[in-house]
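give me a model of this one.
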Amino acid sequence: ADNITGPLMLYNILATTHMTIPVDVVKRLADHPNIVGLKDSERDLERMKECIAISKDREDFAYFCGWAAQSAFSLSLGGDGIVPSTGNYVPDMFNTLYEAAVSGDMETANRLQDETNEIAKIYQAGRTLGQSLTALKVMMQTKGLCDPWMLMPLTRLSSEEEQAIKAKL
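This is a model prediction of the structure:
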């Protein structure tokens, strides 16, 4: 961070790195002038609360929730934004969820959270993270957003699996 000219965003994703940025390290790094925020995808509610507390009421450090299933909750706690994978398929729903939450309409935000969680089950249930990303791309293909190709080591789903996902939509 000392050697860059632009802002730096921390990204914590235990599921793929098998490491976590400890909350006390996040707190210390939040005071660095070039570090502007944290996208946190770790599935830990206590950690989420602690990290939001670090960023709350600060103009110079933001918290973005990368745990789609907790988008509404993170915003209700004072999180600054959300980066949900399911938002690649239903961006308008997450935009409405976000707008509802920041305006205090948690009934709408929670309803949309429940609806988007059901959509996420289509591509996540019973799959590893890598497989779920491939399945999400199949869903996105149905809207013309991308092709279902993956870079190695990830692989495309079988045609049977792709058809099963499309049938659930």
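
wouldn't Q141 be in contact with R156 here?
No - here Q141 does not reach R156: they are 10.8 Å apart, not a contact under C-beta atoms under 8 Å. Every residue, glycine included, has its C-beta placed from N, CA and C.

which other helices and strands contact the top helix by length along the chain?
Longest helix in the chain, counting residues (DSSP state H): helix 106-124. Counting contacts by 3 or more C-beta pairs under 8 Å, 6 or more residues apart in numbering; DSSP states H and E, helix 106-124 packs against helix 71-76, helix 91-102, helix 129-141, helix 159-168.

okay, those helices in a markdown table with mean pLDDT, mean neighbour count and distance to G6 next?
As requested, the helices and strands packed on helix 106-124 are exported to a markdown table (pLDDT from 0 to 100; neighbours: other C-beta atoms under 10 Å; distance: least, C-beta to C-beta, whole Å):
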| stretch | mean pLDDT | mean neighbour count | distance to G6 |
| --- | --- | --- | --- |
| helix 71-76 | 98 | 23 | 25 |
| helix 91-102 | 98 | 17 | 25 |
| helix 129-141 | 94 | 19 | 27 |
| helix 159-168 | 94 | 13 | 38 |
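
redo those helices as TSV? Include distance to Y11.
Output for those, formatted as TSV (distance: least, C-beta to C-beta, whole Å):
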stretch	distance to Y11
helix 71-76	15
helix 91-102	19
helix 129-141	15
helix 159-168	27
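
sketch out the low-pLDDT regions of this structure for me.
Along the chain, the model assigns pLDDT under 70 to no residue.

helix or strand: which one has Y63?
If you go by DSSP states H and E, Y63 is part of strand 62-65.
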